[in-house]
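Trainee: model this:
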Amino acid sequence: MSWFKRKDKGIQTPTEAKKEAPDGLWFKTPSGKIIHTRELKNNAYVSPEDGYHVRIGSKEYFEILFDENEFTELDENMESADPLKFKDSKPYPDRIKASQAKSGLKDAVRTAYGKINGLDLTIACMDFNFIGGSMGSVVGEKIARAIDHSIQNKKPFLMISKSGGARMMEAGLSLMQMAKTSAKLALLSEAKIPYISLLTDPTTGGVTASYAMLGDFNISEPGALIGFAGPRVIRETIGKDLPKGFQSAEFVLEHGFLDFIVDRRNLKSKLYTLLKMLK
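Mentor: Down below sits the predicted model:
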């Protein structure tokens, strides 16, 4: 049985010859499930074992929704200014440039139009990687112009929200975007053009208090955090423990603020069915 015994118990590979796995090759979900990033991408960035929906941005949503990932972007070079000369440890223009360099984005939303299974659709998608997806003047203006595009061309409008709320560096100007976008959506409604609002993780603050909840259909991804103030702030304010699952998409659906929850892997087909029905 000598063939069954390992004669040399030493390390066969010299330390200097060992290769480390590249960073970002594997993804671990909060429940501990591990998945290869390539498989994760092929599965619409949803873990197949536990259904965990990884946070993604406009690049990924456009890939998932637009046919052949073909689309025309609107106002792609619009950038934030510093009208209030906001005072902080880091000047606002520097913060903007740092976020642009890190994220590769101009601001916290991208707008584009294209086709979804052959049907025309205009999409505005927020990016949490840009200053927490905060809503500033550029975000409001780009969304308003995307709605104008939908009205002028009679195309349905999809808003994909993912935000920490209003951008404090723009103060009142940021809050004004709530009224501006809501007014534009009223015009969209008058034109009888469908508006679908998709709330993803997280959708909070002034975004929730305006365009995110004004859809003809308000839908969400599983497990998304949806609310105005965060759970910690509410708990400290009222001095009471919150119900289990408070502000989760499932909790919000149960209490009548959502029409349905859709798995991202079925998002394109569900949207197509909905738009086909409305058409």
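Trainee: Would you map out the domains in this protein?
Mentor: Domain assignment for the chain, taken from automatic domain parsing, gives 11-54, 56-278.
Trainee: ok so residue 49 is a strand residue?
Mentor: No. Secondary structure of residue 49 (DSSP: H, G, I helix; E, B strand; the rest coil): coil, not part of a strand.
Trainee: List the buried residues for stretch 184-199?
Mentor: 184, 185, 188, 193, 194, 195, 196, 197, 198, 199 (16 or more other C-beta atoms under 10 Å). In short, each C-beta sits where N, CA and C put it, glycine included.
Trainee: Regarding it, how distant is the last residue from the first?
Mentor: Using C-alpha to C-alpha, to the nearest Å, the end-to-end distance of stretch 184-199 comes to 19 Å.
Trainee: Now tell me what touches it from outside.
Mentor: 143-144, 147-148, 150-151, 154-161, 208, 211-221, 224, 226, 249, 258, 267, 271, 274-275, 278 (C-beta atoms under 8 Å, 6 or more residues apart in numbering).
Trainee: any idea how far the residue most central in space within the chain is from residue 155?
Mentor: Against the mean C-alpha coordinate of the chain, by C-alpha atoms, centre = their mean, the closest residue is residue 162 at 3.9 Å. Counting by C-beta to C-beta, to the nearest Å, the gap from residue 162 to residue 155 is 22 Å.
Trainee: And residue 172, by the same measure?
Mentor: As for residue 172, its distance to residue 155 is 32 Å (criterion: C-beta to C-beta).
Trainee: who's more crowded, the two?
Mentor: With neighbours defined as other C-beta atoms under 10 Å, residue 172 and residue 155 compare such that residue 155 has more, 21 against 8.
Trainee: Tell me which helix or strand comes right after the lowest-mean-pLDDT helix or strand in the chain.
Mentor: Scoring the helices and strands of the chain by mean pLDDT, DSSP states H and E places helix 231-238 at the bottom, with a mean of 85. Next helix or strand after helix 231-238 toward the C-terminus (DSSP states H and E): helix 249-254.
Trainee: nearest spatial neighbour of residue 225, skipping sequence neighbours?
Mentor: The shortest distance from residue 225 to any non-neighbouring residue, by C-beta to C-beta, 6 or more residues apart in numbering, is to residue 202 (3.9 Å).
Trainee: isn't there a strand covering that neighbour?
Mentor: Yes. Counting by three-state DSSP, residue 202 falls inside a strand.
Trainee: I figured residue 30 hits residue 54, correct?
Mentor: No. Look at residue 30 against residue 54 with C-beta atoms under 8 Å: they stay out of range, at 10.3 Å.
Trainee: which of those two has more neighbours?
Mentor: The neighbour comparison of residue 30 against residue 54 (other C-beta under 10 Å) goes to residue 54, with 18 against 9.
Trainee: what sits against that one?
Mentor: Contacts for residue 54 (C-beta under 8 Å, 6+ apart) come out as 27, 29, 40, 45, 46, 47.
Trainee: quick one: it from residue 268, how far?
Mentor: Residue 54 is 17 Å from residue 268, by C-beta to C-beta.
Trainee: What of residue 111?
Mentor: As for residue 111, its distance to residue 268 is 18 Å (criterion: C-beta to C-beta).
Trainee: circling back: from what I can see the residue nearest to the centre of the chain touches residue 58, true?
Mentor: No. Applying C-beta under 8 Å, one finds residue 162 not in contact with residue 58, separated by 9.2 Å.
Trainee: any shared contact partners between the two?
Mentor: Residues touching both residue 162 and residue 58 (C-beta under 8 Å, 6+ apart): 125, 126, 127.
Trainee: Sort out for me which of those residues are in helices.
Mentor: Applying DSSP state H to the shared contacts of residue 162 and residue 58, no entry is found in helices.
Trainee: so where's the stretch 1-150 of the chain shaky on pLDDT?
Mentor: Along the stretch 1-150 of the chain, segments meeting pLDDT under 70 span 1-23.
Trainee: before we move on, the earlier item: can you say which of the contacts of stretch 184-199 are buried?
Mentor: By 16+ other C-beta under 10 Å, the contacts of stretch 184-199 give 143-144, 147, 150-151, 155-161, 208, 211-221, 224, 226, 249, 258, 267, 271, 274-275 as buried.
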